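> how would this look folded up:
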Amino acid sequence: MRGLSCRNGETDLSATARALAAKLRQQHGPVSAFELARLHGVEVVADRWQVAHGRIVYYGECTREPLRIVLNEAVLEQADYCEQMRELVIAHELGHLLLPRPSVFASSKTIESAAHAFAHEWIGNC
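So this is what the prediction gives:
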């Protein structure tokens, strides 16, 4: 069953995410996450959401129909490394869009961990 722990505590889905990012890196070379999105037909747009009670709500979101990543500029502009953070958020959301849909039994933590694994494999240790 997907989502069970593998070696070193990594889930099957996170291992799949790392492998997919490595495969795409071989296919496309060292392109930005923004360019990778474009190559896969994913539109990247910016929007502004309010920050709730001074807390970060989220950096971005993605939709499958249409294939789109929306970046929350209200939050990203507050980041110390704004451009690097944009790349990380795009790579993370691409992980959600490019990975096979997980089992209905997969926890949200497992799904988020896999998207993080994809992003970190794509961008490197950031």
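
> Return the set of buried residues in the one helix or strand K23 maps to.
According to DSSP states H and E, K23 maps onto helix 12-28. Using 16 or more other Cβ atoms under 10 Å as the test for burial, helix 12-28 gives 12-14, 16-18, 20-21, 24. Glycine gets a C-beta too; all of them are placed from N, C-alpha and C.

> Can you name the next helix or strand after it?
According to DSSP H and E, the helix or strand after helix 12-28 is helix 33-39.

> Please state the offset of that following helix from the chain centre?
12 Å (Cα atoms, centre = their mean, to the nearest Å).

> would you list every one of the helices in this protein?
Remark: helices assigned in the chain by DSSP state H are 12-28, 33-39, 73-76, 82-98, 108-123.

> And the contacts of stretch 43-51?
34, 37-38, 57-58, 66-75, 90 (Cβ atoms under 8 Å, 6 or more residues apart in numbering).

> Report the lowest-confidence entry in the residues you listed.
Confidence by pLDDT is poorest for V57 among the contacts of stretch 43-51, given 64.

> So for the helix or strand bottoming out on mean pLDDT in the chain, what gets flagged as buried?
Lowest on mean pLDDT, DSSP states H and E among the helices and strands of the chain sits helix 73-76, with a mean of 79. Going by neighbour count (16+ other Cβ under 10 Å), the buried part of helix 73-76 is 73-76.

> and that helix, how far out from the chain's middle?
16 Å.

> Packing partners of it?
Packed against helix 73-76 by the contact rule (3 or more Cβ pairs under 8 Å, 6 or more residues apart in numbering; DSSP states H and E) you find helix 82-98.

> Now do the helix it packs on and helix 108-123, the angle between them.
If you take axes from the mean of the first three to the mean of the last three Cα atoms, to 10 degrees, helix 82-98 sits at 120 degrees to helix 108-123.

> Determine the set of other helices and strands touching helix 82-98.
Counting contacts by 3+ Cβ pairs under 8 Å, 6+ apart, helix 82-98 is packed against helix 12-28, helix 33-39, strand 60-63, strand 68-72, helix 73-76, helix 108-123.

> need the least confident one among these, by mean pLDDT.
Lowest mean pLDDT of these: helix 73-76, a mean of 79.
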